[in-house]
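quick one, fold the following:
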Amino acid sequence: MAQDSADNLSAVPVKVVATTTATGTISGTVKDGNNNNPVSGATVSLTVSGSVYSAQTVADGAYSILNVPAGTGYTVTASKAGYLDGTASDVTVTAGSTTTGVDFTLYAAVEDSDISPISATFDKNSANTSAGHYADIPVTVTFNGNTLLSIMNGSMPLVENTDYTVSGSVYSISKRYLAGQSVGTMTLTFIFSAGSPRSLTVIISDSTPATHTVSVSANPPAGGTVSGGGAYAEGATVTVTASVYSGYKFVNWTENNAQVSANAAYTFTMGTADRSLTANFSTITNTSGGGGGGSTTPQPVNSTTGSAMVNPAAGGTVSLGSDVSLKIPANAPRGSDSLLVAIRKVDPPPVAPTGFMIMGSAYQITVNAQDHYSFNKLSMIVSLLVL
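Down below sits the predicted model:
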């Protein structure tokens, strides 16, 4: 007799394996580093094998992260908008236990301030007041919630209303302060209540032309007055003027005993060196006939300065200190106008002609700035004495 098919089924054993992961809990608190108050709503999290485990802090700043796989070396992070993240390293989770005391102190996130520009130029030449030259440097500050504590030049703070002025968010570095700094690169540091400092680099130059001195004198002093001397920049136009006194007339302007102008008003462009100019005057001999008129008798000159105006009718002696003396007899020069007679030492001396030797010093004599002059043939010989 056939058996029921169910009787032919063999019993098949089934093994059920329950898989569980050992876990634990991490707990702690999050507080504000500025005031020590609890921070609620912060997210505390860690990542284990690609999975994120996290919890939110409650009103008292406490949190608990449940079901964290047991393990060691975990890094836990606390974060909240407006704060810098906080981290805890090497956290260990034990199965069936709570790892306590994983606490965080969060600090408010700080945004750096900015300044504009961050570089500028300054020229100490006060004649040029255009931007980038002799002018204040305005700096616009974007505070981003911070305040400016100071502006420093190295270790020295700038003084408000002296070294700089403030108008709203614009800080203007004074041109007077900048003019007192050395030529080169200067860095001003803006220091704020929070965040990083900001730096302004200023390249300082000086295009001011060099100045030189023009000295003027009258020869003789009784002959008149002179004006126009002083300090002048290179390239400046200079005019020196000679004005005569009664009984004298202007002869010329000389420099180093050489004539530079026959005009009483002498105009020139200032060069690259000082100048020493002499206005030379001569006496006017007035001779009148009857009617009670009279005449002025010229007197011989006696000068030791190396140059003098010599009246031909009077003559005289012109000496260069105690080195050399030139004696000019009366009526030896030609004409009636006074002459500028000058002596200067030639150093080094000129080359002597073949067969000759220069002994001692050499001197050059000029008459009216000329190195040649013919005296009256009927007069006495002009004598030169080297002392």
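
how about the helices in the chain?
175-179 (DSSP state H).

give me the low-pLDDT residue ranges for the chain?
Regions of the chain meeting the criterion pLDDT under 70 cover residues 1-20, 285-296, 377-387.

at 50 instead, please
Along the chain, segments meeting pLDDT under 50 span 1-10, 12, 14-19, 288-294, 378-382.

what's the neighbour count on the nearest residue to G321 once chain neighbours are set aside?
The shortest distance from G321 to any non-neighbouring residue, by C-beta to C-beta, 6 or more residues apart in numbering, is to T304 (6.1 Å). All C-beta atoms are positioned from the backbone trio N, CA, C, and that covers glycine. By other C-beta atoms under 10 Å, 13 other residues sit near T304.

same deal with G101?
Here the count is done by other C-beta under 10 Å, and G101 has 11 residues near it.

what do you get for T99?
19.

starting at the chain centroid, how far to stretch 311-327?
54 Å (C-alpha atoms, centre = their mean, to the nearest Å).

hey, C-alpha coordinates of it in PDB?
Below are the C-alpha coordinates for stretch 311-327, written out as PDB (Å, rounded to 0.1, in the frame of the first residue of the first chain):
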ATOM      1  CA  ASN A 311      91.400 153.800 -11.300                       C
ATOM      2  CA  PRO A 312      93.900 154.400 -14.200                       C
ATOM      3  CA  ALA A 313      94.700 157.900 -12.900                       C
ATOM      4  CA  ALA A 314      95.500 156.600  -9.500                       C
ATOM      5  CA  GLY A 315      97.000 153.100  -9.900                       C
ATOM      6  CA  GLY A 316      97.700 151.200  -6.800                       C
ATOM      7  CA  THR A 317      98.700 147.800  -5.500                       C
ATOM      8  CA  VAL A 318      96.800 144.500  -5.800                       C
ATOM      9  CA  SER A 319      98.100 141.600  -3.700                       C
ATOM     10  CA  LEU A 320      97.000 138.000  -3.200                       C
ATOM     11  CA  GLY A 321      97.500 137.800   0.600                       C
ATOM     12  CA  SER A 322     101.200 137.600   1.300                       C
ATOM     13  CA  ASP A 323     102.000 135.500  -1.700                       C
ATOM     14  CA  VAL A 324     102.300 138.000  -4.600                       C
ATOM     15  CA  SER A 325     101.900 141.700  -5.100                       C
ATOM     16  CA  LEU A 326     101.200 143.700  -8.300                       C
ATOM     17  CA  LYS A 327     102.100 147.400  -8.300                       C
END
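
pull out the buried residues from that stretch.
Residues 311-320, 324-327 are the ones in stretch 311-327 that count as buried (16 or more other C-beta atoms under 10 Å).

for the most centrally placed residue in the chain, give me its contacts.
A centroid search over the chain (C-alpha atoms, centre = their mean) returns V183, at 3.0 Å, as the residue closest to the centre. Contact analysis of V183 by C-beta atoms under 8 Å, 6 or more residues apart in numbering lists K124, I204, S205, D206.

okay, those residues in CSV with distance to R344 and neighbour count next?
Conversion of those to CSV gives the following (distance: C-beta to C-beta, whole Å; neighbours: other C-beta atoms under 10 Å):
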residue, distance to R344, neighbour count
K124, 41, 19
I204, 45, 17
S205, 42, 13
D206, 38, 12
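
list just the nearest of those to I65.
Distance ranking of the contacts of V183 against I65, using C-beta to C-beta, places I204 first at 60.0 Å.

so that closest one sits against Q181, correct?
Yes - the pair formed by I204 and Q181 meets the contact definition of C-beta atoms under 8 Å, at 5.6 Å.
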